[in-house]
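Asker: Task: produce atomic coordinates for the following.
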Amino acid sequence: MPQMIRPPGSKDETAYLRVLFLKTEQRLIAEINRKRSQGYVDYAEVAALNRTQQILQEMVDESWSYVPTMIEKIFYKSEAAANGYKNAAGLTASQLGIVQQLSNNLLGDIVEASVTAQKNIEDSFRIGRREADKVREAALKSVAEARAAGYGSQKAAVSMARELQSAEITAFTDKAGRNWGLQDYCNMATRATARQAEISAILTADPDHDLYRIVKIGSTCPICAPLEGRVYSRSGTNPDYPPLASAFGKIDPNGSNDLSNTYLNIHPNCLHALVKYTTIGKSEAQIQKDKDFSSFEKNPVTVDPRSKKQIEAYKEKVRNRQKLLSDYKQHERYRAILGNDVPKSFEKFRKLKYNGGEGWKSAQALYRKTNAYNKIILKEPAITADLAQISKDTGVPMSGLEYRLKAKDSFLRKVGTESEHSLDPQRIKDVITSTNDVIRYTYQDNPLTLVNSYKNITGALQGKGYELVRVKNFWHNKGNPYNGINCTFRMRDPKGKGYQDFEVQFHTPESYGVKDRMHKDYEAWRLLSASSPEAIALRKKMMEQSRGMEIPANIEEVKNK
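Answerer: Below is the predicted model of the structure:
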């Protein structure tokens, strides 16, 4: 007995599934993030994998309860439209069979995607114990960004979810070798199935009708353009018209021309509609013209029938679509990095971007600076681990390790000052590249052994692959209140994609203490004109604080570089 249902109206019946897929992927990401925070503890892995499997199973279970109803509603809506009525009606047995087959196909895709996703997660856990994979890198980046912005773990989780939208949990790999994320793949499968349901409903609304035309829709793609406007035979048996299977594409190229051997659509995002075609009321000349136009022999589908104007119109539509997508992704990036410093609304973001003026340039400049800061601090954990190990190996203690990262506000202020608040991208980049103290460390030793410690530690750092770029021995400069050895080291990317500089200072307990006490005065002094009375007074005060300090033995051996 056919199920009696009512038309769903204009509601998008796939919306629930798309939210389900998004929610599932976000839950998986959160679980992986939680697992990563445990540092790949073996005993927790089984539990974590069980949880991801449960999350995926819940997605499958909800899909099984929803998909058949969704397909039937889509089918009914299209069938009702084809027949021109809107009252409640029942689907025929053959139509219900098609609904069931489409439901089974989609559910099969979803189940297969969940199995592949779980296998991918298991593989990533195993890889994660040996090397930093995409998921771990995304987690590290999100935590670093959250810490830089002063947020907690919840903000980090949201950031990670955004970061993994591109890395994702692979659910399908196509013939071109492209990896599809769980959400994107399931959305694509749902969209394609919904479209197939619409087409099937139209083709089965009148079981006795054989001829259908693919209507022209104006600006169209090069795939559809040669196929639109033609008349096709649904059964594939009419000698005067090509089989509809030829337009939809045959699953088995050597198989039958009936619709069971087709994809029931030209491509997933196709917007073309099918309408019944009849010869009633047409002249012989018009009928022959339709036959000739529809013939693949007389009017080859290998020829693009569009005019230059139509081709350009389609290209413009594609450019606008790509521009819209690019802007959307840019808005997501800016929101992730800048938060409420940019509009929450996508429409307002685009208005800011395309209205010109200083507002957009300022937003771009802030994004470049903040994004650069976030990328810099990502490198800190690995550097800190190396320097801490060197401290342990040499016995030379580190001081002020809690201050190893320059605060984001301080970084932004410094870049703004040194670039003279320029909005020019290259100038901002140059200042950021020349900034070496976002990551900084201090080793401390007594005056008798400080120079030997300096030599041992710089040698150990170079042994680990760090490059000694610059050395400033301020003990030589009697006119400077600051005393210490400041070195700039460089960590080069192993893949040749740039480098990161960081600062290492060497102090005696006395010079470190004086530097600490002078810090407030120094910060005030650096904002003043050097010739101002206030600056002169502050400099004199700092010089007095550093007077009489014990000079390290053999300090002359440390040459400036």
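Asker: Okay, now the unreliable bits of the stretch 201-350 of the chain?
Answerer: The stretch 201-350 of the chain contains residues with pLDDT under 70 at 268-269.
Asker: can you map out the helices along it?
Answerer: Taking DSSP state H, counting those that start in this stretch as the criterion, the stretch 201-350 of the chain carries its helices at 244-248, 284-294, 308-338, 346-354.
Asker: And residue 264, how close does it get to residue 189?
Answerer: Remark: distance between residue 264 and residue 189 (CB to CB, to the nearest Å) = 14 Å. (Each C-beta comes from the backbone N, C-alpha and C, glycine too.)
Asker: between the two, which one's more packed in?
Answerer: Using other CB atoms under 10 Å as the criterion, residue 264 and residue 189 rank with residue 189 on top: 24 against 21.
Asker: List the buried residues for stretch 475-495?
Answerer: Buried residues in stretch 475-495, counted by 16 or more other CB atoms under 10 Å: 475, 481-489, 491.
Asker: What is the nearest of those residues to residue 230?
Answerer: The closest of those to residue 230 turns out to be residue 491 (CB to CB; 62.3 Å).
Asker: Phi, psi for that closest one please.
Answerer: Dihedral pair for residue 491: phi -100, psi 110, per degrees, to the nearest 10.
Asker: Ok, the one 4 residues further on next?
Answerer: Here is the backbone geometry of residue 495 (degrees, to the nearest 10): phi -90, psi 10.
Asker: Quick check: the gap between it and residue 355.
Answerer: Shown here: residue 495 relative to residue 355, a distance of 39 Å by CB to CB.
Asker: Next: residue 59.
Answerer: 42 Å.
Asker: neighbour-wise, which of these two wins?
Answerer: Between residue 59 and residue 355, residue 59 has the larger neighbour count (other CB under 10 Å), namely 25 against 9.
Asker: one step back: select, out of the helices of the stretch 201-350 of the chain, the one closest to residue 118.
Answerer: Of all the helices of the stretch 201-350 of the chain, helix 308-338 sits nearest to residue 118, with 27.1 Å by CB to CB.
Asker: what separates the closest one from the chain centre, distance-wise?
Answerer: What separates the centre of helix 308-338 from the centre of its chain is 16 Å, taken as CA atoms, centre = their mean, to the nearest Å.
Asker: re the thing from before, report the two of the buried residues of stretch 475-495 separated the most.
Answerer: Most distant of those, by CB to CB, are 481 and 491, 30.7 Å apart.
Asker: Would you map the strands across the stretch 351-500 of the chain?
Answerer: All strands of the stretch 351-500 of the chain, identified by DSSP state E, counting those that start in this stretch, fall at 440-444, 467-473, 485-492, 499-507.
Asker: I would like the residues contacting the shortest one, please.
Answerer: With CB atoms under 8 Å, 6 or more residues apart in numbering as the test, strand 440-444 has contacts from 384, 387, 391, 396-401, 403-404, 406, 453-454, 457, 502-509, 512.
Asker: now the angle between strand 499-507 and that strand, please.
Answerer: Put simply, strand 440-444 runs at 30 degrees to strand 499-507, going by axes from the mean of the first three to the mean of the last three CA atoms, to 10 degrees.
Asker: CA atoms only for strand 440-444 - export them in CSV, please.
Answerer: Extracted C-alpha coordinates of strand 440-444, given in CSV (Å, rounded to 0.1, in the frame of the first residue of the first chain):
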residue,chain,number,x,y,z
ARG,A,440,63.0,34.7,23.2
TYR,A,441,65.0,32.9,25.9
THR,A,442,67.6,33.7,28.6
TYR,A,443,70.4,31.6,30.0
GLN,A,444,72.0,32.7,33.2
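Asker: So which bits of it are buried?
Answerer: For strand 440-444, burial by neighbour count (16+ other CB under 10 Å) applies to 440-444.
Asker: Would you mind checking which of those residues is nearest to residue 557?
Answerer: Distance to residue 557, by CB to CB, is smallest for residue 443 among the buried residues of strand 440-444, at 16.6 Å.
Asker: just to revisit the earlier point, nearest to residue 449, out of the helices of the stretch 201-350 of the chain?
Answerer: Closest to residue 449 of the helices of the stretch 201-350 of the chain is helix 308-338 (CB to CB; 44.7 Å).
Asker: ranges for the helices of the stretch 51-200 of the chain?
Answerer: Using DSSP H, counting those that start in this stretch, helices in the stretch 51-200 of the chain cover 93-128, 134-149, 153-167, 182-204.
Asker: what does the stretch 401-550 of the chain give?
Answerer: With DSSP H, counting those that start in this stretch, the ranges of helices along the stretch 401-550 of the chain come out as 408-418, 425-434, 450-463, 509-525, 533-546.
Asker: what about these, which gets the closest to residue 312?
Answerer: When the helices of the stretch 401-550 of the chain are compared by CB to CB, helix 425-434 sits nearest residue 312, at 31.9 Å.
Asker: got the CA coordinates for the closest one in CSV?
Answerer: Output in CSV follows, covering the C-alpha atoms of helix 425-434 (Å, rounded to 0.1, in the frame of the first residue of the first chain):
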residue,chain,number,x,y,z
PRO,A,425,51.6,44.8,2.7
GLN,A,426,55.2,44.6,1.7
ARG,A,427,56.3,47.1,4.4
ILE,A,428,54.4,45.2,7.1
LYS,A,429,56.0,41.9,5.9
ASP,A,430,59.5,43.4,6.0
VAL,A,431,59.0,44.6,9.6
ILE,A,432,57.6,41.2,10.6
THR,A,433,60.5,39.4,9.0
SER,A,434,63.0,41.6,10.7
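Asker: Run through who's touching that helix.
Answerer: 364-365, 368-369, 372, 415, 418-419, 422.
Asker: From residue 377, how far off is the residue lying closest to residue 341 once chain neighbours are set aside?
Answerer: Spatial nearest neighbour of residue 341, chain neighbours left out: residue 366 (6.2 Å); criterion: CB to CB, 6 or more residues apart in numbering. Separation of residue 366 from residue 377 (CB to CB) stands at 17 Å.
Asker: Is it correct that residue 70 is in contact with residue 13?
Answerer: Yes - with contact defined as CB atoms under 8 Å, residue 70 reaches residue 13; the gap is 4.8 Å.
Asker: what's the overlap in contacts for those two?
Answerer: Taking CB under 8 Å, 6+ apart as the criterion, residue 70 and residue 13 both touch residue 194.
Asker: Settle it for me: which of these two has more neighbours?
Answerer: A count of neighbours by other CB under 10 Å puts residue 70 above the other of residue 70 and residue 13, at 24 against 19.
Asker: Okay, now the unreliable bits of the protein?
Answerer: Those would be 1-11, 33-46, 78-94, 124-169, 174-176, 268-269, 528, if you go by pLDDT under 70 across the chain.
Asker: what comes up buried for stretch 108-120?
Answerer: Buried residues in stretch 108-120, counted by 16+ other CB under 10 Å: 109-111, 113-114, 116-118, 120.
Asker: Would you reformat these as CSV and include distance to residue 75?
Answerer: Formatted as CSV, the buried residues of stretch 108-120 follow (distance: CB to CB, whole Å):
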residue, distance to residue 75
109, 18
110, 19
111, 22
113, 23
114, 25
116, 28
117, 29
118, 31
120, 33
